[in-house]
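K.L.:
this one's structure only:
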């Protein structure tokens, strides 16, 4: 049995995964559930997964939360790949290009979260494991859901435009910073380029108003996020 046949056997052993974890307003399939389902079959067939990171970028930024408290976030992202190896025949292996992205208040935690998140979705997508919904992170636990990311950004845009009309020259808040990052597709290099274009040293220094909206529009246009 070659490696691809073994991976097919792993996929066949998992009928469906249920969203069992809640966080940041979403329900999702936990990494523990995925591994508990596939690890026994991987061990039985002698298949090993080896993560390999090729680069890593780190960016720190500060923001003001809803309680007007100054907070710091660390974003870690980069390219990586996963090597799947047949331990009975180490020459039979598969290397899949991937990427990682994490955001926490500490660089080590952000990096760990990024790798955990990347592994979870690697197995979901590579093995095409079905979940109780098509998109593992599409359900909002508040009872409101959007079928596509486009609807999410459009709804957020309406809220943020109302805020910028009434807040004058205040600096953008944490959620607005995260919105900009989302519109840039998580590409911090793109955000850095736009900040340099408009003479802004840090994302936390952007003021509410037309310049913020312009930067968001530029980020969306260049990233292709809808």
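P.N.:
Done, it's in. This structure is a prediction, so every number in the text was calculated from the model and none was measured. Numbering: from 1, shown residues only.
K.L.:
that's a helix at residue 89, yeah?
P.N.:
No. Read with DSSP: H, G, I helix; E, B strand; the rest coil, residue 89 is coil and lies in no helix.
K.L.:
show me what contacts it?
P.N.:
Going by C-beta atoms under 8 Å, 6 or more residues apart in numbering, residue 89 touches residue 3. Every residue, glycine included, has its C-beta placed from N, CA and C.
K.L.:
Distance of it relative to residue 39?
P.N.:
20 Å (C-beta to C-beta, to the nearest Å).
K.L.:
What of residue 110?
P.N.:
Taking C-beta to C-beta, one finds residue 110 at 25 Å from residue 39.
K.L.:
The top strand by length along the chain packs against which elements?
P.N.:
Longest strand of the chain, by residue count under DSSP state E: strand 70-86. In terms of contacts (3 or more C-beta pairs under 8 Å, 6 or more residues apart in numbering; DSSP states H and E), strand 70-86 is packed against helix 3-12, strand 47-53, strand 57-64, strand 93-104, helix 107-126, helix 174-183.
K.L.:
make it 10 Å
P.N.:
Secondary structure elements in contact with strand 70-86, counted by 3 or more C-beta pairs under 10 Å, 6 or more residues apart in numbering; DSSP states H and E, are helix 3-12, strand 47-53, strand 57-64, strand 93-104, helix 107-126, helix 174-183, helix 188-197.
K.L.:
Helix 174-183 and that one, what's the angle between them?
P.N.:
30 degrees (axes from the mean of the first three to the mean of the last three C-alpha atoms, to 10 degrees).
K.L.:
what lines up beside strand 70-86 in the sheet?
P.N.:
If you go by DSSP bridges, strand 70-86 pairs up with strand 47-53 (antiparallel), strand 57-64 (antiparallel), strand 93-104 (antiparallel).
K.L.:
Confidence-wise, which of those is weakest overall?
P.N.:
Lowest mean pLDDT of those: strand 57-64, a mean of 83.
K.L.:
ok, residues contacting it?
P.N.:
With contacts defined as C-beta atoms under 10 Å, 6 or more residues apart in numbering, strand 57-64 is touched by 69-79, 101, 103, 105, 107, 110-111, 170-178, 181, 188-189, 191-192, 202-205.
K.L.:
go with 6 Å
P.N.:
Under the criterion C-beta atoms under 6 Å, 6 or more residues apart in numbering, residues 70-78, 107, 173-174, 177, 188, 203-204 lie in contact with strand 57-64.
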